[in-house]
Each structure stands twice: as structure tokens, then as C-alpha cells.
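Enquirer: kindly generate the corresponding structure for this input.
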Amino acid sequence: MFSDQRLLVVSAHSADWVWRSSGTIAKYLAGGAQVYVVCLTYGARGESGPLWKQEGQDAENVKKIRLTESMNAAKVLGVTNFEMWDYDDCMLEVSPEIIRKLNEKIREVQPTLIITHDKVDLTNPDHGFARDIVYRASIMSRQAGIESSGLKPAKAAPIYGFEASEPERSGYVPAVYIDITDFFEKKLEAMKCIATQTEGPHIHTRLSTHRGWQASRTIGDKNIKYAESFTMSDSLVVTELPVSKLQTF
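Expert: Numbering: from 1, shown residues only. Prediction:
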């Protein structure tokens, strides 16, 4: 179903992608897609509070723990193309260096679609900065005049934005719902790998249930129990107007 798709997921921190898109990732992998996950930071400063309460804790050990958690989640989902980059979180900076590096990754992967953060997340500016990095790198990756280690320019790929931490406060409005009912147990298993953020599975189970209700109500399909939602950075171009309110993925 997705054998011709290459999905690139770019996460500001080591676990953002697990909470917000692991159901979609599991679904795409099951459909034969190639999935690549890049975490820009370990989330060692701002998303590892419980670890810092331990006596004698240091940054390198925190990073090691966060890497292990994220890799365990990747293993549960079947993600084999996983990278953890070592930029500083809290606050993540939009720098030419990180944009160039992600440009290289996009050219290497040649993704057909990209998932990252939405434009605004008032509770964590890193998320919005990550989106800026992705957007600028994606444009850079398409420019033939930019030297890039001999890699050919990438084709334009639609960018989908996953949920803000507090959607209403951040003005997040879903544009796309994807049914993850058959993959929710896999998502839950992956979320439980992130032991540092103990509240995550509970929060995102509730959110997936709510988005599932919205998707079910939108299309009138009571079989949809769980869903993930995304914004869209680009307009759809179609040869005819869709007759369904919900695109089939």
C-alpha cells in the first residue's frame, strides 16, 4: 500500500515523534514504506526532569538514557533508519549549520513526505524552531545551485505538522486525520519505552482517542477508535474534488 513511499520524520527531541506520530509510522511501515526518523536533540535539558533529580547525574548519562529509550521505541515499531543528533535543546537554535545538515539528509533520503512539528507550540519553542529548520532545509534541498556532497536535489515533499503540546493554546487545527486503530497497541508499546516521561502514554492515549472520535464522526465510520492528526503546510493538488471528507491513507 505504501511501498513507493519514503517518510522522513524530524523530531525536536528524542520522544516527540513517539507521542505524536508512532501510530502513523507503524501503519506506513506495515504498508511497505521506508521510514526515517531524525531527532535533532536528546531533550536532555528540558524534557528529562526526573533524571536530573538523581544524585550525581550528568548530561552524558542523561543523553545515554534518552537515546536508549528512543531506540527501544524505534525497535518496537520496526524503525531501522534512526538518528539522534546532538544539538542543544531548551533552546534549539535555527542555525545555518543544522539547516545544511538536514538538507543533506533530505537529499539522501529523497522523501515523498515529511512529518515534523507544527509552526507554533507555546509550551516549547524548540518545536516551532524544529519546524523552521525542516521548512528551510526542505527548500534548500531542492536548489540545484547548492553544493551538497554530490547528492542530487530532492523533489518537493509535502510537510505535515504534528500536534502541539497544548493544541488549543497554540492555535493547532487538524487538517488531516489518519486512522491508527489497528496500530494503536503498537503505539502504546512504543510510548511505554519512554520511561523518563511517565505521563506521556496517558496523555497521548487520551489524545489519540479524542482524535479517533473526531475522525469517526467526520466520516461516519464507527470502526475508527484511534487517530493521529496533522496540519498541512502545502495545498493539495488534485485532478478532481474529493467526494469524501476523509482522504484514505
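Enquirer: contacts only, for Gly78.
Expert: Contacts for Gly78 (C-beta atoms under 8 Å, 6 or more residues apart in numbering) come out as 26, 29. (Glycine included, C-beta is placed from N, CA and C.)
Enquirer: now do it against Tyr160, distance only.
Expert: Using C-beta to C-beta, to the nearest Å, Gly78 is found at 20 Å from Tyr160.
Enquirer: likewise His13?
Expert: Look at His13 and Tyr160: by C-beta to C-beta, they are 18 Å apart.
Enquirer: which of those two has more neighbours?
Expert: His13 (29 against 24; other C-beta atoms under 10 Å).
Enquirer: how about the contacts made by that one?
Expert: Here His13 is in contact with 39-43, 46-47, 89, 126 (C-beta under 8 Å, 6+ apart).
Enquirer: from the residues you listed, which two are the most distant?
Expert: Using C-beta to C-beta, the pair of the contacts of His13 lying farthest apart is Cys39 and Gly46, separated by 13.7 Å.
Enquirer: how about the helices in this protein?
Expert: 16-30, 49-52, 59-77, 96-109, 125-141, 167-170, 184-191, 200-219 (DSSP state H).
Enquirer: rebuild those as a markdown table, extending it with mean neighbour count and mean pLDDT.
Expert: Formatted as a markdown table, the helices of the chain follow (neighbours: other C-beta atoms under 10 Å; pLDDT from 0 to 100):
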| stretch | mean neighbour count | mean pLDDT |
| --- | --- | --- |
| helix 16-30 | 26 | 98 |
| helix 49-52 | 13 | 92 |
| helix 59-77 | 18 | 97 |
| helix 96-109 | 18 | 97 |
| helix 125-141 | 22 | 97 |
| helix 167-170 | 14 | 92 |
| helix 184-191 | 21 | 98 |
| helix 200-219 | 17 | 96 |
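Enquirer: out of those helices, the one nearest Met232 is which?
Expert: Across the helices of the chain, closest to Met232 is helix 125-141 (C-beta to C-beta), at 12.7 Å.
Enquirer: helices and strands around the closest one, which ones?
Expert: Under the contact criterion of 3 or more C-beta pairs under 8 Å, 6 or more residues apart in numbering; DSSP states H and E, helix 125-141 touches strand 6-11, strand 34-41, helix 96-109, strand 113-117, strand 159-162.
Enquirer: that concludes my questions; thank you for your assistance.
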